[in-house]
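K.L.:
kindly return the folded structure for what I paste below:
(one chain, ligands or ions: 1)
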Amino acid sequence: MDFSITQLREFAKSSSWDNAPVSDQDKELPAPPIFPACPDNAVLIPLPSPEDCRTAGKDFLRIVKERKSNRAYSSQPMPLAVLSYLLYCTQGYKCMRPQSTVAALRTVPSAGARHPLDTYLAVLNVEGLAPGLYRYQPLEHQLWLIQAGDSTLPDAVVKACNKQLFAGKSAVTFFWAADMYRCEWRYTTHAYKLVLLDVGHICENLYLACEEVGCGCCAIAAYNQQEADSLFSLNGDNNFVVYVAPVGTL
Ligand SMILES: Cc1cc2nc3c(=O)[nH]c(=O)nc-3n(C[C@H](O)[C@H](O)[C@H](O)COP(=O)(O)O)c2cc1C
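P.N.:
Predicted structure coming up:
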């Protein structure tokens, strides 16, 4: 990496908002789409309602206290309603932001309601869902089947997770990818920090939701950038993985 420690520390701070470059939003350039588009011939799989998921009814304090990183999963498949619940809790669409056609509200906060992250899934063991690579489509609460999986998929997931073997035993591994321009359009040079803050909220909701439905997950920042991006054919330029979390039943 070509940055000095001083530069990297500056990145972590709140840099001056007064000196930020004029944004494309200020220049009145069109807003990028707020939801990812699928190819015309995409295979789309509707998900059950998140309300269909059987939850434990734990009180919130208990959920917060019992949340922990889980790296050992049972071989029990994850019910599809559970996956639906986890996706809704982490990136579910609620409504458009009042008086806006370019910002949506979801189940997590996001700077300026830009929601610049997309959820990609490597599904290994989910009941009623073929193993494969998918992307969550929040507006329709559907999955786009990007590519069916074969017996090599668990190894590909482990490789993308920088050889962290427990990922290969997950029921599903979440990969959150930044679509940078969605945030840059409004926030220019601030966007890079904001995207990373946004994804932290998403992953914490995953931890808490897992606790409620008898699953376990573990955040992974030490993933392999190239392998993770190429698993989902992301260009690695303005669209790349920033955080990963394997999930399994306990
Ligand atoms: C930003 C971040 C990155 C992490 N990356 C990894 C990782 O690459 N591999 C791993 O096994 N755990 C990872 N973890 C999990 C931490 O090791 C774990 O949260 C920590 O040990 C505290 O345990 P707890 O989550 O059970 O409270 C990460 C956690 C966070 C928040």
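
K.L.:
only C-alpha atoms for contact and neighbour calcs from this point on.
P.N.:
Will do.

K.L.:
doesn't residue 182 lie inside a helix?
P.N.:
Yes - assigned with DSSP: H, G, I helix; E, B strand; the rest coil, residue 182 falls within a helix.

K.L.:
the helix ranked longest in the chain near the ligand anywhere?
P.N.:
With DSSP state H applied, the helix covering the greatest number of residues in the chain is identified as helix 191-212. No - contact between helix 191-212 and the ligand is absent, the nearest approach being 7.5 Å (criterion: C-alpha under 6 Å from any ligand atom).

K.L.:
list the buried residues of that helix.
P.N.:
Neighbour counts over helix 191-212 (16 or more other C-alpha atoms under 10 Å) mark 191-192, 194-195, 198-199, 201-212 as buried.

K.L.:
now stretch 46-66
P.N.:
Within stretch 46-66, the residues that qualify as buried are 47-48, 50, 53, 63, counting by 16+ other C-alpha under 10 Å.

K.L.:
looking at these, which is nearest the ligand?
P.N.:
The shortest distance between the ligand and any of these, using C-alpha to the nearest ligand atom, involves residue 63 and amounts to 12.4 Å.

K.L.:
the closest one contacts residue 206, doesn't it?
P.N.:
No - with contacts counted by C-alpha atoms under 8 Å, residue 63 stays clear of residue 206, the gap being 11.8 Å.

K.L.:
for whichever helix or strand comes after the longest helix of the chain, packing partners?
P.N.:
Counting by DSSP states H and E, the element after helix 191-212 in chain order, helix or strand, is strand 215-217. Secondary structure elements in contact with strand 215-217, counted by 3 or more C-alpha pairs under 8 Å, 6 or more residues apart in numbering; DSSP states H and E, are helix 191-212, strand 239-249.

K.L.:
re the thing from before, and the longest helix of the chain, average pLDDT?
P.N.:
Averaged across helix 191-212, the pLDDT comes to 98.

K.L.:
just the CA trace of it, in CSV.
P.N.:
This file holds the C-alpha atoms of helix 191-212, laid out as CSV (Å, rounded to 0.1, in the frame of the first residue of the first chain):
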residue,chain,number,x,y,z
ALA,A,191,-17.4,8.5,0.7
TYR,A,192,-14.6,6.0,1.6
LYS,A,193,-14.9,6.4,5.3
LEU,A,194,-18.7,6.5,5.2
VAL,A,195,-19.0,3.2,3.2
LEU,A,196,-16.9,1.4,5.9
LEU,A,197,-19.0,2.9,8.7
ASP,A,198,-22.2,1.8,6.9
VAL,A,199,-21.0,-1.8,6.5
GLY,A,200,-20.3,-2.0,10.2
HIS,A,201,-24.0,-1.4,11.0
ILE,A,202,-25.0,-4.0,8.5
CYS,A,203,-22.8,-6.7,10.0
GLU,A,204,-23.8,-5.8,13.6
ASN,A,205,-27.5,-6.3,12.6
LEU,A,206,-26.4,-9.7,11.2
TYR,A,207,-24.9,-10.7,14.5
LEU,A,208,-28.0,-9.6,16.4
ALA,A,209,-30.4,-11.2,14.0
CYS,A,210,-28.4,-14.5,14.1
GLU,A,211,-28.7,-14.5,17.9
GLU,A,212,-32.5,-14.3,17.6
